[in-house]
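Peer 1: okay, predicted coordinates and the sequence, questions at the end:
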Amino acid sequence: MPNTPGAANTPTIVLVGHGMVGQRFLEALAERGTTERARVVVLCEEPRPAYDRVQLTSYFSGRTPDDLSMVPDGFMAEHGIELHTDDPAVAVDRAARTVTARSGATFAYDTLVLATGSYPFVPPVPGKDATGCFVYRTIEDLLAIEEYAKNSTTGAVVGGGLLGLEAAGALKGLGLDAHIVEFAPRLMPVQVDEGGGAALLRTIEGMGLQVHTGVGTQEVVVGEDGAVTGMRLSDGSELATDLVVFSAGVRPRDQLARDCGLEVGERGGVKVDEQCRTSDPAVFAIGECALAADGRVYGLVAPGYEMALTAADTIAGQESAFTGADLSTKLKLLGVDVASFGDAHGTAEGCLDVVYADSRAGIYKKLVVSPEGALLGGVLVGDADSYGMLRPLTGSVPPVSPEQLVLPAGAGAPVALGPEALPDDAVICSCHNVTKGAICEHTTLPEVKKCTKAGTGCGSCVKVIQQLLPKSGDGGLCGCFAKTRQELYEIVQVLRITSYAELLDRYGREAARGGEGCEICKPVVASILASLSHGYILEGEQAALQDTNDHFLANMQKNGSYSIVPRIPGGEITPEKLIVIGEVARDFGLYTKITGGQRIDMFGARVEQLPAIWARLVDAGFESGHAYGKALRTVKSCVGQTWCRYGVQDSVRMAIDLELRYRGLRAPHKLKSAVSGCQRECAEAQSKDFGVIATANGWNLYVGGNGGATPRHADLLAKDLSDAELIRLIDRFLMYYIRTAERLERTAPWVERIGLDHVREVVVEDSLGIGDELDALMARHVARYRDEWAETLQDPERLRRFVSFVNAPETPDPSVRFMPERDQIKPDLTVLTLEGVTAR
Amino acid sequence: MKLELSPVDGSWLTVCDMDALTPGRGMAALLPDGRQAALFRDRSGKLYAIDNRDPFTGAQVLSRGLIGSADGRTFVASPLLKQRFDLETGRCLDDDEVTVAVYPVRTA
Ligand code: SRM
Ligand SMILES: Cc1cc2nc3c(=O)[nH]c(=O)nc-3n(C[C@H](O)[C@H](O)[C@H](O)COP(=O)(O)OP(=O)(O)OC[C@H]3O[C@@H](n4cnc5c(N)ncnc54)[C@H](O)[C@@H]3O)c2cc1C
Ligand code: SF4
Ligand code: FES
């Protein structure tokens, strides 16, 4: 039960600051039942509730502010938390125990928690406040940078640390010529050492970013209109630029605490003890604004989360302490892996370095070990795959020599050290402090994420988590093949295999060779053969592989009858065609229903009626809708610009174009799409495998959406595309999916598995260099498409199978019967129950 | 070559030409007493006949399932809910308590 505000003797907790740590604190209160016993008030300065600041930059790659939100739907209401957005605290009266917000509202508190985070430090150089100067901390900052960048060509970032590099990458992504100015002699001076900085520099420069190290910014040069025109550097040179982003470190936001007389550190930060209490026991401080008991201000989210838990424990009367935290980080900066963990700079007494460097490949790895051989820390640049393994090993003597841990595979490195080697108390997820033991209590990744939160922070531990979870079987497709669908696809393509029997006998499991195969692999291979355009799907041996629905080009229903779904591209249909459907359904006595896919389904046809029904439909210009296939289903549309007052593009035309282009395309699972004429999204494109939403400048492409049992919102893959760009990206997306997905893996789990970034690299940036090949495959599909029903009707040989009985082709199956319901038919299931034998 | 099936002990019924059956797929035949049989031919040319009725749904559809083999047994998987039936014994491989009738077949 949420508490009643103001009820007598209900204590009030006021939280100031609703950032990442503030939200974690609220969750911790709820987990401990404190929200039921106390009134909780949150003062939030930003216009929106807590969001994932760590992933801030992903806004530029398509994540919306909503995607970044960290507050589960209904969270505040469920726990009776009062959230005041856009209303910062301006004063605290500790004697009266009240907090006053900017709006003038005053809240009495029993416990006050400060989670005000940091502010970006802007060096006091002349011109720093000019138009065109920005910082990089909030969504609002990014929106402002994005807007200003539209009229700029060059951007410079002051500060070559972690955030500076991210900011510079973002500027480059916005199409600017990007510069980084760093005072220290190397990039990321805090995280990496000199060698790592050098490897990083080469790679970053290789990407077209211009790096100026060892120079300071002396002045921002401002033009007559008050806007930035350049920067004067400490070596006397001048850098022309339209936009400046300051990213020169952060400072704790402790002003509120100072003003009310709480103790703060010499260099800032609200002083707290191990319970996160400030000098006033009624006031706590957590996250980046706090100066922890170990004398440090932590600028990372994981220690902040730990403080949140400690404060929540203490408030709930449980014993808890925050005594310090690990500063490990792993980042993917501009596509370069950078990780540092433990004592990365080798400050411990007597410690030794083990270094591997390959400057051509931009790889640098350093491990710091104690004289006894224990791993103390390290720096990895360019290849941080082993980070997930090394971090938990920190503090212990690794089972293999440190040299072997840094050498690349194949150069004397042992068979990769697996996470099995880790002890149960090794921390796998440092964001949420989850151990291997806790992870191994679960069997699936979603379960691990839900129950332990592991993997829901920076995500760098997910790979190791997956390795720790049980695999089903040996990863093979079925009892016949020890290979995955993706491997079979490659074999069929590269070796130009055209028959299932050949594939089974050569590449099947030993015991399965020469056998019949099975119901699992046959349709998979049929689909692969079809995707690679090996011809009509009912040709020769392929006929025997198809699932029954593909075999009869219709969907079997519970009584053995079939349903018929003609294609209605984009959901657009003429009155004449509607009349034909009506007439056919009436003449054959079929049950008729509008589907959820903007088309019409006719149910209750007997197998021998299918050709006659389709003869009428094909005659009227209909084609197969592939409702039976693991293939493109529908491309839904909204009415769009032509009629709708909001529409900005012709969504119907685009939907029709897409449906006609991809019709008949066989895939590992069904494919669905939709096109909306504007952001109102009436066609629900974001729940589709590939969805398109019109913008004033073209089209936004979303991928990996799903309805069904495990719904998933699609991710934005690319923005403001022309028609041709849109189609090219969809071509490649689909072909790459077909090539690499597993059996019955829809695009949503596929994108989750291989990662959106990877999909974007391959599809948009062609990082594998297979773009042309994918284009060619799709071109071949489009050129070879023929309507399966029209082809079937022309071939008496194929039509032979459309009989109920091989020995009585004219006789209808007497077990397929119907009874009336709501003026139409429904299956009569009573005839399926034989005398004495009921259907189970 | 004709395919023959024995619906009751000892009697043989001619059903169709051998090549009406695609290897790996089935066909249904209507028996004189109204029962239905599902006929199959595997890769090696071996013939099988079991009852066409899927005992789990009551629908006469087993002939439209996919055939396969596992541990040396050839089976058909029902197209509706995918339970597998041994083509030689009629035993359901996914539920010990269920069997379908098997009919002798031969070519003539
Ligand atoms: C006919 C229809 C229901 C209706 O009367 O509206 C339908 C009917 C079936 N759906 Fe569906 N789905 C229909 C729209 C949908 C939608 C809505 C949509 O497409 O906008 C969804 C959710 C969107 C999605 O797929 O992401 C939907 C999610 C499913 C799922 C769950 C898929 C998933 O990824 O979780 C299945 C099961 C599967 O495919 O494995 C399924 C499976 C089926 C099957 C094939 C089940 C079966 O094996 O018998 C049904 C057979 C169709 C038939 O016999 O003709 N149907 N199904 C709709 C046909 C649309 C069309 O015109 O082609
Ligand atoms: C681009 C970027 C990338 C980052 N990447 C990483 C990373 O990879 N790994 C990592 O560990 N960390 C990273 N960080 C740092 C991480 O975001 C912070 O450590 C974390 O957000 C700290 O959480 P917090 O709640 O203490 O502060 P914040 O998230 O900053 O939240 C503080 C909130 O308090 C509000 N506030 C301040 N004063 C008041 C007031 N008087 N009244 C009301 N509200 C107030 C602020 O507006 C803000 O919303 C990154 C930061 C940025 C900007
Ligand atoms: S999505 Fe936009 S254009 Fe399409 S119907 Fe809805 S409001 Fe109109
Ligand atoms: S380590 Fe960041 S989510 Fe697990």
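Peer 2: Ah, there it is. Numbers count the residues shown, from 1 in each chain, chains lettered A, B, ... in the order given. Ligands and ions are numbered 1, 2, ... in the order given.

Peer 1: which pLDDT value belongs to residue 81?
Peer 2: I'll assume chain A. Reported pLDDT at A:I81 in the predicted model: 97.

Peer 1: could you do chain B instead?
Peer 2: At B:L81 the predicted local distance difference test score is 85.

Peer 1: how about it: what's its closest non-neighbour residue?
Peer 2: Counting by C-beta to C-beta, 6 or more residues apart in numbering or on different chains, B:F56 is the residue found nearest to B:L81 once chain neighbours are left out, at 5.4 Å. All C-beta atoms are positioned from the backbone trio N, CA, C, and that covers glycine.

Peer 1: for B:Q83, see how far away the one you found is.
Peer 2: B:F56 sits 6 Å away from B:Q83, taking C-beta to C-beta, to the nearest Å as the criterion.

Peer 1: what do you get for A:Y119?
Peer 2: Between A:Y119 and B:Q83 the computed distance is 65 Å (C-beta to C-beta).

Peer 1: A:A709 now?
Peer 2: Noted for A:A709: a distance of 22 Å to B:Q83, by C-beta to C-beta.

Peer 1: so which of the two has more stuff around it?
Peer 2: Neighbour count, other C-beta atoms under 10 Å in any protein chain shown: between A:A709 and B:Q83, B:Q83 has more, with 21 against 5.

Peer 1: hmm, B:R91 and the more buried one touching each other?
Peer 2: No. Contact between B:Q83 and B:R91 fails when scored by C-beta atoms under 8 Å: they sit 10.9 Å apart.

Peer 1: who touches both of these two?
Peer 2: With contacts taken as C-beta atoms under 8 Å, 6 or more residues apart in numbering or on different chains, B:Q83 and B:R91 have B:V98 as neighbours in common.

Peer 1: I'd like the average pLDDT over the helix of greatest length in chain A.
Peer 2: Longest helix of chain A, by residue count under DSSP state H: helix A:723-740. Across helix A:723-740, pLDDT averages out at 96.

Peer 1: count of neighbours near the closest residue to ligand 1 within chain B?
Peer 2: Residue nearest to ligand 1 within chain B: B:L80 (8.8 Å; C-beta to the nearest ligand atom). Residues near B:L80, counting by other C-beta under 10 Å, number 21.

Peer 1: so what's it up against?
Peer 2: Contacts for B:L80 (C-beta under 8 Å, 6+ apart) come out as A:M556, A:K558, B:D54, B:F56, B:T57, B:A59, B:V61.

Peer 1: what's the most distant pair in those?
Peer 2: Distance extremes for the contacts of B:L80: the farthest pair is A:M556 and B:F56 at 13.8 Å, using C-beta to C-beta.

Peer 1: of the two, who's got more company?
Peer 2: Per other C-beta under 10 Å, whichever of A:M556 and B:F56 has more neighbours is A:M556, with 21 against 17.

Peer 1: list the contacts of the more buried one.
Peer 2: For A:M556, the set of contacting residues under the criterion of C-beta under 8 Å, 6+ apart consists of A:T548, A:N549, A:Y562, B:V61, B:R64, B:P79, B:L80.

Peer 1: same question, B:Y48
Peer 2: Taking C-beta under 8 Å, 6+ apart as the definition of contact, the neighbours of B:Y48 are B:L39, B:F40, B:R41, B:D42, B:T74, B:L87, B:E88, B:V102, B:V105.

Peer 1: what's the helix or strand for it?
Peer 2: Taking DSSP states H and E as the definition, one finds B:Y48 inside strand B:47-51.

Peer 1: what's the distance between that strand and the middle of its chain?
Peer 2: Average the C-alpha atoms of strand B:47-51, do the same for its chain, and the two points are 3 Å apart (C-alpha atoms, centre = their mean, to the nearest Å).

Peer 1: one more: stretch B:13-32?
Peer 2: Averaging C-alpha coordinates over stretch B:13-32 and over its chain gives two centres that are 9 Å apart (C-alpha atoms, centre = their mean).

Peer 1: for stretch A:620-638, same thing?
Peer 2: Centre-to-centre, stretch A:620-638 and its host chain are 28 Å apart (C-alpha atoms, centre = their mean).

Peer 1: just the angle for the helix or strand harbouring B:A29 relative to strand B:47-51, thanks.
Peer 2: Secondary-structure assignment from DSSP H and E places B:A29 in strand B:26-30. On the basis of axes from the mean of the first three to the mean of the last three C-alpha atoms, to 10 degrees, strand B:26-30 is oriented at 60 degrees to strand B:47-51.

Peer 1: give me the contact list for strand B:26-30.
Peer 2: Residues lying outside strand B:26-30 but in contact with it, judged by C-beta under 8 Å, 6+ apart, are A:801, A:804-808, A:811, A:813, B:5, B:15-16, B:20-21, B:36-40, B:49, B:52, B:60, B:62-65, B:67, B:76.

Peer 1: measure the nearest residue to A:C644 once chain neighbours are set aside to A:T695 for me?
Peer 2: In space, and not counting its chain neighbours, A:C644 is closest to A:G677: 5.8 Å by C-beta to C-beta, 6+ apart. With distances taken as C-beta to C-beta, A:G677 is found 10 Å from A:T695.

Peer 1: mind pulling the model confidence for the residue lying closest to B:L66 once chain neighbours are set aside?
Peer 2: Across the structure, with C-beta to C-beta, 6+ apart as the measure, the residue nearest B:L66 apart from its sequence neighbours is A:E519 (4.2 Å). For A:E519, the model assigns a pLDDT of 88.

Peer 1: equivalent analysis for A:A199, please.
Peer 2: Turning to A:A199, the model gives it a pLDDT of 80.

Peer 1: burial check on it, number of neighbours?
Peer 2: Per other C-beta under 10 Å, the neighbour tally for A:A199 reads 27.

Peer 1: try the one 5 residues further on
Peer 2: The local packing count at A:I204 equals 24, with neighbours defined by other C-beta under 10 Å.

Peer 1: what's the answer for A:S637, then?
Peer 2: For A:S637, the neighbour count with other C-beta under 10 Å is 29.

Peer 1: that one contacts A:E684, doesn't it?
Peer 2: No. The pair A:S637 and A:E684 fails to qualify as a contact (C-beta under 8 Å) at a distance of 10.6 Å.

Peer 1: what helix or strand is A:E502 located in?
Peer 2: Secondary structure assignment for A:E502, by DSSP H and E: helix A:500-507.

Peer 1: how about that helix: buried residues?
Peer 2: By neighbour count, and taking 16 or more other C-beta atoms under 10 Å in any protein chain shown as the criterion, the buried residues in helix A:500-507 are A:Y500, A:A501, A:L503, A:L504, A:Y507.

Peer 1: quick check: the second one vs B:R73, distance?
Peer 2: Counting by C-beta to C-beta, the separation of A:A501 from B:R73 is 19 Å.

Peer 1: look up phi and psi at A:Q467.
Peer 2: According to degrees, to the nearest 10, the main-chain angles of A:Q467 amount to phi -70, psi -30.

Peer 1: and the closest residue in space to it that isn't next to it in sequence, what is it in contact with?
Peer 2: Distances taken as C-beta to C-beta, 6+ apart put A:P419 closest to A:Q467, at 4.9 Å, once the chain neighbours are dropped. By C-beta under 8 Å, 6+ apart, A:P419 lies in contact with A:G388, A:M389, A:I428, A:K436, A:V464, A:Q467, A:L468.

Peer 1: how about a cut-off of 6 Å?
Peer 2: A:V464, A:Q467, A:L468 (C-beta atoms under 6 Å, 6 or more residues apart in numbering or on different chains).

Peer 1: my guess is the first one contacts A:G388. True?
Peer 2: By that I understand A:V464. Yes. A:V464 is within contact range of A:G388, at 3.8 Å (criterion: C-beta atoms under 6 Å).

Peer 1: what's the helix or strand for A:A357?
Peer 2: Using DSSP H and E, A:A357 maps to strand A:352-358.

Peer 1: tell me how many other residues crowd A:G597.
Peer 2: A total of 18 residues lie near A:G597 under the criterion other C-beta under 10 Å.

Peer 1: please report the distance of it from A:T830.
Peer 2: Looking at A:G597 against A:T830, where the rule is C-beta to C-beta, the gap reads 31 Å.

Peer 1: can you give me the pLDDT of residue 1?
Peer 2: Since you didn't name a chain, this refers to chain A. The model's pLDDT for A:M1 equals 38.

Peer 1: try again with chain B
Peer 2: We have a pLDDT of 85 for B:M1.

Peer 1: if anything else comes up later, I'll come back, but that's it for now.
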